[in-house]
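**Q** Whatever this is, show me its structure:
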Amino acid sequence: MNGGMASVVLGIGCLVGVLGIVVAVIAWRQSQKKPSPPPVTKGADPFHTKDEDALRGDPRTLKAGDIVEIRGTSWAVRGSLRLSEGSWGWTEHLLDDANGAQAWLSVEEDPDLEVVLWHEVADAAVAPGPKNVDFDGRSYRSDETGTARFTSSGTTGLDANGTVRYHDYEAKDGALLSFESYGDAGKWEAARGESLVRAEFRIYPQAQ
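**A** Below you'll find the model as predicted:
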């Protein structure tokens, strides 16, 4: 092999060696890259799961005829009120148990789901208006007040539609006190409320 040919062969060998090194470096860099996170759908809540609703029933879909078991007591839904004030809406369901006792169950998202069991207070010696109300050993502070429109379905004892004034109070320990006045009656009805956690109630929809 003459000197010229030897130089060509040597050059080709060097080029192949350099290309091998470049390919190896590129492969190493690719292996060090972190995988891209999966895309998140716009508007989706990554903390929301419907597993609990599937297991215990969805309170947002309650209707007349459904059964709600609350802390071991079964209540039948007699009727429902769907209320709205501007862009805000919530529902209230009239319940009764096997002994004829009645209560109301309110369901709203503000933005988290809030479910409250309400018991009427007959002849309450307090009325809404002040920022603070003392009742039955607790001090309640004004929380929300306004006027909403409602539509009624099932048995509620109210007209098919109308208006209601409300004034809600809350104590430091989370106890709730609410006043409502329907239509033009001018009389305030008081009720005490207890917020329910998801494990405290189960819904049995009416058979279709």
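
**Q** For the protein, just list every one of the strands.
**A** Remark: strands assigned in the chain by DSSP state E are 67-70, 73-85, 88-96, 102-109, 113-121, 132-135, 138-154, 161-171, 176-182, 189-196, 201-204.

**Q** who touches the first one?
**A** Spelled out, it's strand 67-70. With contact meaning CB atoms under 8 Å, 6 or more residues apart in numbering, strand 67-70 is reached by 62, 74-77, 93, 95, 105, 117, 196, 200-204, 206. In this view, the C-beta of every residue, glycine as well, is placed from N, C-alpha and C.

**Q** again, only this time at 10 Å
**A** For strand 67-70, contacts defined as CB atoms under 10 Å, 6 or more residues apart in numbering pick out 56-57, 59, 62, 74-77, 93, 95, 97, 103, 105, 115, 117, 194, 196, 200-206.

**Q** ok so, going back, please tabulate the strands of the chain in TSV and include mean pLDDT and mean neighbour count as additional columns.
**A** Shown next, in TSV, are these (pLDDT from 0 to 100; neighbours: other CB atoms under 10 Å):
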stretch	mean pLDDT	mean neighbour count
strand 67-70	98	18
strand 73-85	98	18
strand 88-96	97	19
strand 102-109	97	18
strand 113-121	97	17
strand 132-135	96	14
strand 138-154	97	15
strand 161-171	97	18
strand 176-182	97	21
strand 189-196	97	18
strand 201-204	97	16
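
**Q** got a list of what the nearest residue to Val77 once chain neighbours are set aside touches?
**A** Nearest residue to Val77, sequence neighbours excluded (CB to CB, 6 or more residues apart in numbering): Asp66, at 4.6 Å. By CB under 10 Å, 6+ apart, the contact set of Asp66 is Gly57, Pro59, Trp75, Ala76, Val77, Ser80, His93, Leu95, Ile203, Tyr204, Pro205, Gln206.

**Q** Between all of these, which two are separated the most?
**A** Ser80 and Tyr204 (16.1 Å; CB to CB).

**Q** So which residue is smack in the middle of the protein?
**A** In the chain, the centroid-proximal residue (CA atoms, centre = their mean) is Leu113; its distance is 2.3 Å.

**Q** how near is it to Ala122?
**A** Per CB to CB, to the nearest Å, Leu113 is found 30 Å from Ala122.

**Q** hang on, Ser139 packs against Val126?
**A** No: in this structure, Ser139 is not within contact of Val126 by CB atoms under 10 Å, at 11.4 Å.

**Q** Now list whatever residues contact both of those two.
**A** Between them, Ser139 and Val126 share these contacting residues under CB under 10 Å, 6+ apart: Val133, Tyr169.
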